[in-house]
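Visitor: Sequence below, structure please.
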Amino acid sequence: MKYCRYLSDGVAQYALVEERDGLLWAVQSMAPPEEDLAACLAALNQPADRAFTPTPLANLSLLPPVTPSKIICIGRNYREHAAELGNEVPKEPLLFLKPPSSLLAPGGTVKMPALSKRVDYEGELAIVIGQRCSHLSPAEDPLDYIRGYTIVNDVTARDIQKSDGQWTRGKGWDTFCPVGPIVSDEIDPLDGDPVTVTTRLNGQVKQNGSTADLIFPLDFLLRYISASITLEPGDLIPTGTPAGVGPVQTGDTVEVEITGLGVLKNSFSAE
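Guide: Predicted coordinates:
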């Protein structure tokens with residue numbers, strides 16, 4: 001299943017997505033997931049048999065396809081990325097949070113804060129949680145708790161991150177978590193089918209890494225996180241960025257592409 005979230009007549013709507021001739025199309029309306037309470041309430045006032053016209057995603061006003069209670073990110077989860085920033089490989093997953101207020105839709109503009117002299121892109125594969133997950137045991141299948149996957153750009157004010165010594169402010173600014181365009185369970189990076197994360201800056205490839213190179217694989221991450229933090233439906237887990245991160249300037253465009261998940265494209269401007 002693939003789906004998107006979009007704005008129609010001022011209301012968030014959901015639609016199933018198919019690929020047609022290399023393009024992603026919204027082809028059928030679907031019920032909102034349980035965590036998007038506003039959309040669920042709005043759906044109660046809509047006729048169940050309302051007509052839906054298949055539409056290319058490019059023609060929709062896309063929203064972030066997730067409404068998480070929290071965004072739990074993994075730092076330095078690719079060896080080469082840790083090395084390029086002069087850091088040691090972590091012995092355990094390095095967790096940090098982005099607030100939900102940092103979410104940004106595909107096509108939206110990242111606002112670079114005036115306080116920062118360097119803002120970086122970081123393309124990532126992200127897990128979307130499908131059901132409540134706490135203390136996941138070795139005997140349990142992590143797939144039972146994963147709704148699907150999406151794309152995230154973990155935008156970072158690198159100088160603020162370094163000066164603060166912890167990462168909340170440097171990574172938590174409004175608009176610093178572009179996500180989308182879809183959520184899909186039709187890729188399988190958990191069971192030995194790695195995906196490639198490709199990031200382009202103004203059309204030039206800057207990152208091209210495989211989830212086969214993750215230091216901490218996805219199943220390990222779910223067990224590690226859920227041992228201390230209960231994961232709720234819709235929660236978002238960006239899983240780390242490959243080597244090749246770098247700064248952006250006003251007017252730049254960044255595209256993060258993962259086969260099966262489409263392309264997350266956003267522009268950057270001064271705050």
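Visitor: Point out where the chain drops to low pLDDT.
Guide: Within the chain, the ranges that satisfy pLDDT under 70 run 47-49, 85.
Visitor: Please give me every residue in contact with Thr259.
Guide: 187, 195-196 (Cβ atoms under 8 Å, 6 or more residues apart in numbering). Using the backbone N, CA and C atoms, a C-beta is placed for each residue, glycine as well.
Visitor: Give the ChimeraX command for selecting the buried subset of the residues you listed.
Guide: For the buried members of the contacts of Thr259, the matching ChimeraX selection, counting by 16 or more other Cβ atoms under 10 Å, is:
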select :187,195
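Visitor: Can you flag which of the contacts of Thr259 belong to strands?
Guide: Assigned to strands by DSSP state E, the following of these qualify: Thr196.
Visitor: all helices for the protein, in order.
Guide: Secondary structure of the chain (DSSP state H): helices at 37-43, 79-84, 158-164, 168-172, 218-226.
Visitor: Which neighbouring elements make contact with the first one?
Guide: It refers to helix 37-43. Applying 3 or more Cβ pairs under 8 Å, 6 or more residues apart in numbering; DSSP states H and E, one finds that helix 37-43 contacts strand 11-20.
Visitor: Columns distance to Val128 on top of the contacts of Thr259, output as CSV?
Guide: As requested, these are exported to CSV (distance: Cβ to Cβ, whole Å):
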residue, distance to Val128
Ile187, 12
Val195, 14
Thr196, 19
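Visitor: Which member of the contacts of Thr259 is positioned nearest Tyr78?
Guide: Thr196 (12.4 Å; Cβ to Cβ).
Visitor: and that closest one, what is it in contact with?
Guide: Contacts for Thr196 were tallied using Cβ under 8 Å, 6+ apart; they are 208-211, 258-259.
Visitor: and those residues, which are buried?
Guide: Buried among the contacts of Thr196 (16+ other Cβ under 10 Å): 209, 211, 258.
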